[in-house]
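> Pasting the sequence and the predicted model now:
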Amino acid sequence: MTFQVTVTPSGRQFSCEADETVLNAALRAGIGLPYGCKNGACGSCKGKILAGSVAHGHHQQRALPELEAAQGMSLFCCAKPQSDLTIEAREIVASGEYPVKKMPTRIAKLEKLSDDVMLIALQLPANERLQYRAGQYIEFMLRDGKRRSYSMANAPHNDEHITLHIRHMPGGLFTDQVFSTMKERDILRFEGPHGSFFLREDSDKPVILLASGTGFAPVKAIMEHLIYLESSRPVTLYWGGRRPADLYMHALCEEWAGKLPYFKYVPVISNAAADDHWTGRTGFVHQAVMQDFPDLSDHQVYACGAPVVIESAQRDFVARCQLPKEEFFADSFTSEADLAS
């Protein structure tokens with residue numbers, strides 16, 4: 001059975017099969033709804049059902065609490081229609097600008113950035129190019145049908161390769177291979193680009209970049225894109241880690257801060273040990289933003305990292321720092337453990 005979905009406030013419409021998620025149907029129709037993990041864990045695709053009903057597949061309680069569901073909120077990445085729908089969602093004009101491709105790739109380089117973070121450089125086939133926006137991600141297609149998602153760590157105009165920053169998750173199906181058996185010239189397959197986490201270029205508002213751990217990867221790509229644009233928008237990057245070694249490209253951020261008059265870098269460590277000799281900011285990274293910017297009403301925030309960091313930042317920035325909720329853009333890095341919880 002096919003149902004009709006109407007998006008407000010734009011009034012655009014698309015068809016959705018009964019066994020298809022609202023998000024997939026929208027993307028298939030070229031309508032750019034926001035999304036991140038596509039697994040019901042990050043909440044990026046959340047919108048409101050104004051008319052009609054949906055059935056939700058497996059999702060995380062924190063992404064759609066019972067109270068929100070009772071108020072008509074929905075995770076469009078795992079919601080399947082049971083009738084015609086009218087939904088309220090913020091459309092993203094540029095999200096479908098580049099086609100999603102399935103491509104083979106060869107490992108061009110493996111480089112340890114820290115004890116548990118590996119840089120992988122991917123070489124595309126000759127005469128092939130992946131068009132994407134800085135901040136988006138790709139999905140590796142594994143042999144057993146499973147997929148693993150990683151953000152591009154470089155802007156599309158900045159390197160002959162696509163680079164990724166992959167943290168080792170002990171016992172992880174893919175990351176164990178990355179840190180043990182994977183070698184240069186191995187061939188993988190991926191699909192992309194995906195995601196709606198990228199710079200909104202139609203604004204001149206000051207930018208807060210917020211990263212935790214390897215959430216730095218897409219933030220780095222966005223920063224490189226701002227440099228490429230020769231943008232003069234004020235940018236402050238907050239990068240949080242448990243220990244100083246977690247800030248595995250600290251020197252690059254300091255280099256940007258030394259060269260770019262509009263850029264400021266604030267590293268934040270939550271669990272420094274005595275032998276780290278850390279003298280910088282401490283505590284939770286999103287709270288450092290709040291200390292420095294108690295009023296975010298005229299800012300845009302781009303945040304990437306662990307779900308708890310993203311959820312805390314969005315909640316507190318909107319409720320306590322007057323950030324307009326439509327000016328918070330996020331990519332929540334969800335692991336298989338997050339999806340199973």
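The structure has been received and is ready for your questions. Numbering: from 1, shown residues only.
> pLDDT below threshold where in the chain?
93-96, 334-341 (pLDDT under 70).
> would you list every one of the helices in the stretch 1-150 of the chain?
With DSSP state H, counting those that start in this stretch applied, the stretch 1-150 of the chain shows helices at 22-28, 66-70, listed in chain order.
> what separates the last one from the chain centre, distance-wise?
The reference is to helix 66-70. Remark: helix 66-70 is offset 24 Å from the chain centroid, using CA atoms, centre = their mean, to the nearest Å.
> what comes into contact with it?
Applying CB atoms under 8 Å, 6 or more residues apart in numbering, the external contacts of helix 66-70 come out as 46, 56. All C-beta spots, glycine's among them, are computed from the backbone N, C-alpha and C.
> how about a cut-off of 10 Å?
43, 46, 48, 49, 56, 59, 61, 73, 74, 75 (CB atoms under 10 Å, 6 or more residues apart in numbering).
> which residues of the stretch 51-200 of the chain fall in strands?
With DSSP state E, counting those that start in this stretch, the ranges of strands along the stretch 51-200 of the chain come out as 54-56, 73-75, 79-81, 85-88, 101-114, 117-123, 137-141, 147-151, 162-167, 187-194.
> Report the contact partners of the nearest residue to residue 260 once chain neighbours are set aside.
Leaving aside its sequence neighbours, residue 260 sits nearest to residue 227 (CB to CB, 6 or more residues apart in numbering; 7.2 Å). By CB under 10 Å, 6+ apart, the contact list for residue 227 reads 155, 158, 235, 256, 259, 260, 263.
> what's the answer for residue 304, then?
36, 135, 151, 197, 209-220, 222, 310, 329-333.
> if we go to 8 Å?
135, 151, 197, 210-212, 215-219, 310, 330-333.
> again, but for residue 128
Counted by CB under 8 Å, 6+ apart, residue 128 has contacts residue 103.
> which is the next helix or strand following the strand or helix carrying residue 218?
Using DSSP states H and E, residue 218 maps to helix 216-228. Using DSSP H and E, the helix or strand that follows helix 216-228 in sequence is strand 235-241.
> Give the pairing partners of that next one; include direction for each.
Partners of strand 235-241 in the sheet, by DSSP bridges, are strand 207-212 (parallel), strand 263-269 (parallel).
> could the contacts of residue 227 go into JSON lines alongside neighbour count and distance to residue 82?
As requested, the contacts of residue 227 are exported to JSON lines (neighbours: other CB atoms under 10 Å; distance: CB to CB, whole Å):
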{"residue": "155", "neighbour count": "22", "distance to residue 82": "42"}
{"residue": "158", "neighbour count": "17", "distance to residue 82": "45"}
{"residue": "235", "neighbour count": "21", "distance to residue 82": "45"}
{"residue": "256", "neighbour count": "18", "distance to residue 82": "50"}
{"residue": "259", "neighbour count": "9", "distance to residue 82": "55"}
{"residue": "260", "neighbour count": "16", "distance to residue 82": "51"}
{"residue": "263", "neighbour count": "21", "distance to residue 82": "49"}
